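K.L.:
okay, here's the prediction I keep looking at, along with the sequence it came from:
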Amino acid sequence: MSQKLQYMVVVERGTTSYGAYVPDLPGCIAVGETKEETLELIKEAIEIHLEDLHQQGLPIPEPCSSGELIEVPAA
């Protein structure tokens, strides 16, 4: 796979760790102690996920999710 793809990753901070998931790749998740660690782990998880799909002869999902921050007044 020489083609480069960019997938949106959602990172959530929990009480004791960070979690990340990829909306375009269901089941592709990672958890780490820091945001930086979690981003490294989700990158590895994406690579493994895509390689697994490729080996099974399944299509690689095109990245289509995007994100925006919306500012609203505090309640």
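P.N.:
Perfect, I can see it now.

K.L.:
now do the same for the residue nearest to residue 45 when sequence neighbours are not counted: its pLDDT.
P.N.:
Excluding the flanking residues, the one nearest residue 45 by C-beta to C-beta, 6 or more residues apart in numbering is residue 30, at 4.9 Å. (Each C-beta comes from the backbone N, C-alpha and C, glycine too.) In this model, residue 30 is scored at 98, pLDDT.

K.L.:
and if you look at residue 54?
P.N.:
In this model, residue 54 is scored at 96, pLDDT.

K.L.:
from what I can see it touches residue 61, true?
P.N.:
No. Judged on C-beta atoms under 8 Å, residue 54 makes no contact with residue 61 at a distance of 11.8 Å.

K.L.:
who has more neighbours out of the two?
P.N.:
Per other C-beta atoms under 10 Å, whichever of residue 54 and residue 61 has more neighbours is residue 61, with 18 against 12.

K.L.:
now for the more buried one: which residues touch it?
P.N.:
Contacts for residue 61 (C-beta atoms under 8 Å, 6 or more residues apart in numbering) come out as 24, 25.
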